[in-house]
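*Asks:* Dropping a prediction and its sequence here:
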Amino acid sequence: MDSYFTWHINPGLFEIVVQMNPGYSSLDGEKFLDKVLAELSGRKLKQKDVNRAVNILETDFIKGFQTNNGCAHSLGLWEVLFGDYSKLTNVLEEYRNVTLEDVIRVFSEYFTPDKKTVVWLDIESDSS
């Protein structure tokens, strides 16, 4: 299982990809994902969980500037999406300002069964 959030002009798509091993169906994968999301919604998140997530985001953000291409990409992305490339100088501070309450509120608002779209890609085996 992997998850993705990519910056877009119109944000809002968070992707979760479940790839099944042979012998399991797409329905098995969807049920598994629903179970994991239900467990997360009922789980008592702790500040250390938020700190870990912030550390990962900070590391990824900083690593994005290791090459000229990465620098150009970040500058262009911030200019296009936010209208001002200099706003990227505040990103680390904004990450650090995310609270446990923010995470719980957003998870409760967006990760609900009525807000999901499911796409199955089933590959049929060639029996010839």
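*Replies:* Okay, I see it. Numbering: from 1, shown residues only.
*Asks:* Which parts of this protein are helices?
*Replies:* 26-42, 47-63, 68-82, 91-96, 100-110 (DSSP state H).
*Asks:* Can I get these in a markdown table including mean neighbour count, mean pLDDT and distance to Val18?
*Replies:* Backbone N, C-alpha and C define where each C-beta goes, glycine included. Shown next, in a markdown table, are those (neighbours: other CB atoms under 10 Å; pLDDT from 0 to 100; distance: least, CB to CB, whole Å):
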| stretch | mean neighbour count | mean pLDDT | distance to Val18 |
| --- | --- | --- | --- |
| helix 26-42 | 13 | 85 | 4 |
| helix 47-63 | 12 | 93 | 20 |
| helix 68-82 | 13 | 91 | 28 |
| helix 91-96 | 12 | 93 | 27 |
| helix 100-110 | 12 | 87 | 18 |
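*Asks:* Select, out of those, the one closest to Asp122.
*Replies:* helix 26-42 (5.7 Å; CB to CB).
*Asks:* Verify the contact between Glu30 and Met20 for me.
*Replies:* No. The criterion here is CB atoms under 8 Å, and Glu30 misses it with Met20 at 9.9 Å.
*Asks:* hmm, back to that, put together JSON lines for the helices of the chain, with distance to Val118 on each row.
*Replies:* Supplementary listing: the helices of the chain in JSON lines, determined by distance: least, CB to CB, whole Å:
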{"stretch": "helix 26-42", "distance to Val118": "6"}
{"stretch": "helix 47-63", "distance to Val118": "25"}
{"stretch": "helix 68-82", "distance to Val118": "28"}
{"stretch": "helix 91-96", "distance to Val118": "30"}
{"stretch": "helix 100-110", "distance to Val118": "15"}
